[in-house]
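Enquirer: here is a sequence together with a model predicted from it:
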Number of protein chains: 2
Amino acid sequence: MNHPQLTQASRPLTFEIDAINEHGEIVPTSIAGEHPLTLYVDKREIVTLMTLGAAPEALALGYLRNQRLINCLDEIAAIQVDWEVDAVSVTTRHGRGIDTSRVEKRTITSGCGQGTVFGDLMAEIDDIHLPAEAKLSEATLYGLLDAVRVHESIYKQAGAVHGCALAINADPGAEILMFVEDVGRHNAVDAIAGKMWLDGHDGGDKIFYTTGRLTSEMVIKTAQMGIPFLVSRSGLTQMGWEIARKLGMTMIGRAQGKHYLLFTGEERFSR
Amino acid sequence: MNHPQLTQASRPLTFEIDAINEHGEIVPTSIAGEHPLTLYVDKREIVTLMTLGAAPEALALGYLRNQRLINCLDEIAAIQVDWEVDAVSVTTRHGRGIDTSRVEKRTITSGCGQGTVFGDLMAEIDDIHLPAEAKLSEATLYGLLDAVRVHESIYKQAGAVHGCALAINADPGAEILMFVEDVGRHNAVDAIAGKMWLDGHDGGDKIFYTTGRLTSEMVIKTAQMGIPFLVSRSGLTQMGWEIARKLGMTMIGRAQGKHYLLFTGEERFSR
């Protein structure tokens, strides 16, 4: 496989400002970076993402993957980020850009901070088959939660970001392969999807962890990556629950320390 | 003014499922609703929003307002929600729909869960002038935080939602006028914007509270509603900070109980 050429252009992730607390004291406070990043494919503008800027190349790739605008990593010759102009340029090998009608259809039915390409995604759920034999033990879950807890993070320093982790399901433990934070949880999950493509990782033997809520979109993106286990510190929505059940995904929420709630996929989980 | 005709079609907001906890016990658990809602203007499909469904008519209206697809409430004859088909139909008085080129430009530069109509929004910041004389006292801030704390909420019951409140700045106290929760914080803020239009509220004497992070988009939407005070339980991003400073907005984060951090607009705030 021809690996695309990549820049490695992450931004400074935190900044220090002076805030004033309830005692009138000046408190130096770390805040998370936030930058616009406009994505171009073969010089055509696709979208502007607001991002922490930790992994802009993987974010651009994962966005294109999860929106199914690019179907194969081989199509991509280069991903180049230039923060001077807040842009990431993706160059395809064929040079013809991406299917415009698909972009327009997608963006008409997607919303800002709100929507998802819902109709298309729901239609594709039926084509997703998570590996039936994959199992998760409670010991591995606790190992994952512990690994996440001790991981250095922007969240600990500055808050205001969501984190996602991709971990290997190595019973009776879990090893974090990737950990990405961003100002929006959808960016963090897209960046993980991009890194998985770049590093050639399959999802079947992995666990996906997110600090964010288990909404329909989070469940669908995890399934698209082929990952049978989804773990969150937060709660669940009704549609997230319905889709996970339909997919046969094992979904665990409110997971912190030695506490959790197993929502779906009990048959894959052992205590 | 001709008030639009409205349905009042909120959905059941929570559902009960059985989860299994770390002791192997079945735990009846409330989860938040999540529904697709496709917005049509004069029968033309605009966007699909994923929503809790608490205030779908106000959400549709606020979305159109905040995306600046509709500039005046008088343009709208009716907003009708039909959950049988997961649709909200907005009918304009002139019946010509909304400017298509504007929709396409917007959606090309907006991202799903990620983007904002960034370029346009930044250009409009210069035109926003928050009332210079507006002041906020610490006593009013504490009154607001107390009012939010005791407010009944889906979050307390089921988690997995963000809440926004619009409060009257009635020194030395605050009164919550509107409180909206949704699965995405952008939906909650849009629904407040819609309700403000419907009820004819001005922003100058108000305070906006959100459980969510103070990102660029949250700051810009608050400013577009003409509200000089933005308060959050959460933290701040760099761009949120820069834009609030530029706007002269008073922004307070990490606000809970008797604790807070004043980030910007110290000149409007009195301890």
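Expert: Yes, it's here.
Enquirer: residues contacting A:D171?
Expert: A:135-137, A:139-140 (Cβ atoms under 8 Å, 6 or more residues apart in numbering or on different chains). Every residue, glycine included, has its C-beta placed from N, CA and C.
Enquirer: enumerate the residues of the stretch 151-271 of chain A near chain B.
Expert: A:158-160, A:183-187, A:190, A:213-217, A:234-241, A:253-254, A:258-263, A:266, A:271 (Cβ under 8 Å from any Cβ of the partner chain).
Enquirer: try it again with 7 Å
Expert: A:158-160, A:183-184, A:186-187, A:213, A:215-217, A:234-241, A:258-263, A:266, A:271 (Cβ under 7 Å from any Cβ of the partner chain).
Enquirer: under the pLDDT cut-off, which ranges of chain A? List them.
Expert: A:1, A:100-123 (pLDDT under 70).
Enquirer: how is it divided into domains?
Expert: Annotated domains of chain A cover A:5-125, A:136-270 [automatic domain parsing].
Enquirer: most neighbours per residue, which of those domains?
Expert: When the domains of chain A are scored by mean count of other Cβ atoms under 10 Å in any protein chain shown, the highest mean neighbour count falls to domain A:136-270 (a mean of 21).
Enquirer: and the closest residue to A:T237 other than its chain neighbours, how far from B:E175?
Expert: Distances taken as Cβ to Cβ, 6 or more residues apart in numbering or on different chains place B:E34 nearest to A:T237, at 3.7 Å, with adjacent residues excluded. According to Cβ to Cβ, to the nearest Å, B:E34 stands 30 Å off from B:E175.
Enquirer: for A:D99, same thing?
Expert: With distances taken as Cβ to Cβ, A:D99 is found 52 Å from B:E175.
Enquirer: same question, A:E124
Expert: Noted for A:E124: a distance of 47 Å to B:E175, by Cβ to Cβ.
Enquirer: in CSV, list the C-alpha atoms belonging to the helix or strand hosting A:G163.
Expert: Secondary structure from DSSP states H and E places A:G163 in strand A:162-170. Extracted C-alpha coordinates of strand A:162-170, given in CSV (Å, rounded to 0.1, in the frame of the first residue of the first chain):
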residue,chain,number,x,y,z
HIS,A,162,-13.6,15.4,25.0
GLY,A,163,-11.3,12.5,24.9
CYS,A,164,-11.5,9.2,23.0
ALA,A,165,-9.2,6.2,23.3
LEU,A,166,-8.7,3.1,21.2
ALA,A,167,-7.5,0.2,23.3
ILE,A,168,-6.4,-3.4,22.5
ASN,A,169,-8.7,-5.9,24.2
ALA,A,170,-5.9,-8.1,25.7
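Enquirer: who does it touch, helix- and strand-wise?
Expert: helix A:138-150, strand A:173-182, helix A:185-199, strand A:206-210 (3 or more Cβ pairs under 7 Å, 6 or more residues apart in numbering or on different chains; DSSP states H and E).
Enquirer: for those, could you give me JSON lines that also reports distance to B:D86?
Expert: What follows is these, written out as JSON lines (distance: least, Cβ to Cβ, whole Å):
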{"stretch": "helix A:138-150", "distance to B:D86": "35"}
{"stretch": "strand A:173-182", "distance to B:D86": "29"}
{"stretch": "helix A:185-199", "distance to B:D86": "21"}
{"stretch": "strand A:206-210", "distance to B:D86": "26"}
